[in-house]
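*Asks:* Here's a sequence, model it:
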Amino acid sequence: MEYCTRVLTKNDEFPPFDELADLISGEHPEYRLSIEEGTEDEWETLLLASNDGIEVALIERLPVFEGSIGEDEIADFLEDTQDCKPESGVEWLVEYLAEVKAIYKFQHLQGADLEEGGNALHALRSMLWERGEAIIQADSEGFTNEEGFHIVWQFSDSVSGPWDMAVRQDGTWHHFKMDLGDPDHREAFMEGEVPGDVTEIQR
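*Replies:* Purely as a prediction, here's the structure:
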């Protein structure tokens, strides 16, 4: 089953291919970035792969405008999250998605499961996210805020382990780390509350 993560950004400035390629060659020299569709000046799809040919990810640039694939993806997100919790996170997300100008879609391939391949993918995704005014989405997980903390629950019921989360109260984000498998933590998050036995992370 295809698994994707995405950077959704309000920033419509085009990310130069050479900057992305230089990041990979400099920090992860055993990997390379190549253009699958488009040109250096206007790339559409990139391939991240190891030097010995193990494919890590396909990265698509999807501008959001009327009639575009990017617009269709935004519509799907709105439909998929309308019944999600907490309501305060969903409300913020709906407003945010209305201003998104571009989506960078990472289709995770075989090499993404390797530690070094996963690290290279993460570095590339982080570079796009850190350009500013951007959030991250992951299939079967949900969405982050601009600080990278998880704000909408789309996990399976069997999920567990520590995770960076945030709830929005009176226009302010409250950040914390919770145990996804703890029923009390889970219930508090769904209600838009910070679990009583965790410490808020000051931003």
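*Asks:* Only C-alpha atoms from now on, for both contacts and neighbour counts.
*Replies:* Will do.
*Asks:* which residues touch the residue most central in space within the chain?
*Replies:* Using Cα atoms, centre = their mean, the residue of the chain that lies closest to the mean C-alpha position is Ile136, 2.2 Å off. For Ile136, the contacting residues are Thr5, Arg6, Val7, Leu8, Trp129, Phe143, Thr144, Asn145, Glu146, Gly148, by Cα atoms under 8 Å, 6 or more residues apart in numbering.
*Asks:* which of the residues in the lengthiest helix in the chain are buried?
*Replies:* Ordering each helix of the chain by length in residues (DSSP state H) puts helix 115-129 first. For helix 115-129, burial by neighbour count (16 or more other Cα atoms under 10 Å) applies to Glu116, Gly117, Gly118, Ala120, Leu121, Ala123, Leu124, Arg125, Met127, Leu128, Trp129.
*Asks:* I'd assumed Asn51 was in contact with Glu30.
*Replies:* Yes - between Glu30 and Asn51 there is a contact at 5.6 Å, judged by Cα atoms under 8 Å.
*Asks:* just for the protein, where's the confidence low?
*Replies:* 1, 203 (pLDDT under 70).
*Asks:* picking up where we left off before, tell me what the residue nearest to the centre of the chain is bridged to.
*Replies:* Per DSSP bridges, the residues bridged to Ile136 are Val7.
*Asks:* Tell me how far it lies from Asn145.
*Replies:* Note on Ile136: its distance to Asn145, by Cα to Cα, to the nearest Å, is 7 Å.
*Asks:* before we move on, what about Asp179?
*Replies:* Relative to Asn145, and taking Cα to Cα, Asp179 is found at 19 Å.
*Asks:* and if you look at Lys101?
*Replies:* 16 Å.
*Asks:* same thing with Gln110?
*Replies:* Applying Cα to Cα, the value for Gln110 to Asn145 is 28 Å.
*Asks:* Lys101 and Asn145: which has the busier surroundings?
*Replies:* A count of neighbours by other Cα atoms under 10 Å puts Asn145 above the other of Lys101 and Asn145, at 23 against 19.
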